[in-house]
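Q: sequence first, then the predicted structure, then my questions.
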Amino acid sequence: MEMNSHPSTRPEHSDPDLLGIYLNDHLAGAAAGVELVRRIVRAHRGRDYGPQLAELAREIREDRRTLRACMEALGVRRLRSRTVLGWTVERLGRLKLNGRVLSRSPLSDVLELEAMRLGVEGKGACWRTLHALARTDGRLDADQLEELVQRARRQSQSLEALRAQVAGQVLTPPTAH
């Protein structure tokens with residue numbers, strides 16, 4: 001009888017390439033996120049929350065650099081094709097039916113903030129995964145990863161508050177007089 005045969009105690013997959021695929025997928029998402037947040041910042045420039053979005057964009061670019069550094073520390077080769085795919089997906093995401101053909105729809109603001117929040121939630125999951133790995137892999141800085149987990153949580157909360165504000169402005173029907 002094999003010891004540790006319970007499914008919850010034995011990893012189902014032990015392929016070392018899986019971590020590389022996982023991190024490259026997150027790097028592709030980060031590429032898309034950087035492009036999306038750039039567009040969001042441009043669209044909201046001049047609004048009272050514009051500086052908040054600009055700071056978020058700075059943090060997201062920094063987070064992408066940190067992910068690259070983690071990949072390097074772990075010896076994970078970056079797959080340019082995945083990054084290009086993330087960039088392409090972000091570009092294709094602009095081609096959505098949003099009620100306007102030639103101009104930007106106010107609904108775009110809501111949908112982009114929702115997409116950005118989903119991306120930040122995914123990034124937070126990646127940081128939590130790397131944080132768990134840091135317990136047994138000295139190539140990763142557990143303290144830095146804990147800070148990144150907390151930052152992703154703050155970013156998500158900030159984006160949700162902003163999304164709710166913008167959705168309320170865009171989607172609330174005018175009152176009849």
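A: Now that the structure is in, tell me what you want to look at.

Q: flag the shaky bits of this structure, pLDDT-wise.
A: 1-14, 81-103, 176-177 (pLDDT under 70).

Q: which residue packs closest to the residue nearest to the spatial centre of the chain, ignoring adjacent ones?
A: Nearest to the geometric centre of the chain sits residue 119, at 3.0 Å (Cα atoms, centre = their mean). Closest residue in space to residue 119, ignoring its immediate chain neighbours: residue 33 at 4.4 Å, by Cβ to Cβ, 6 or more residues apart in numbering. Where C-beta positions appear, they are placed from N, C-alpha and C, glycine not excepted.

Q: now for that neighbour: which residues touch it?
A: 60, 64, 90, 116, 119, 120, 123 (Cβ atoms under 8 Å, 6 or more residues apart in numbering).

Q: ok, now with 10 Å
A: Residue 33 makes contact with 26, 57, 60-61, 63-64, 86, 90, 115-116, 118-120, 122-123 under the criterion Cβ atoms under 10 Å, 6 or more residues apart in numbering.

Q: how much space separates it from residue 59?
A: From residue 33 across to residue 59, the span is 11 Å (Cβ to Cβ, to the nearest Å).

Q: tell me how far residue 57 lies from residue 174.
A: Residue 57 is 32 Å from residue 174, by Cβ to Cβ.

Q: more crowded one of the two?
A: Neighbour comparison, residue 57 and residue 174: the larger count goes to residue 57, with 20 against 5 (by other Cβ atoms under 10 Å).

Q: over to the closest residue to the more buried one other than its chain neighbours. Which of the three states is it?
A: In space, and not counting its chain neighbours, residue 57 is closest to residue 37: 4.5 Å by Cβ to Cβ, 6+ apart. Under DSSP: H, G, I helix; E, B strand; the rest coil, residue 37 falls in the helix class.

Q: so how many other residues sit close to residue 37?
A: Quick note: residue 37 (other Cβ under 10 Å) scores 24 neighbours.

Q: then the one 10 residues further on?
A: When neighbours are counted by other Cβ under 10 Å, residue 47 registers 12.

Q: repeat that for residue 49.
A: Neighbours of residue 49 under the rule other Cβ under 10 Å: 14.

Q: residue contacts, it?
A: Counted by Cβ under 10 Å, 6+ apart, residue 49 has contacts 56, 158, 161, 162, 165, 166.
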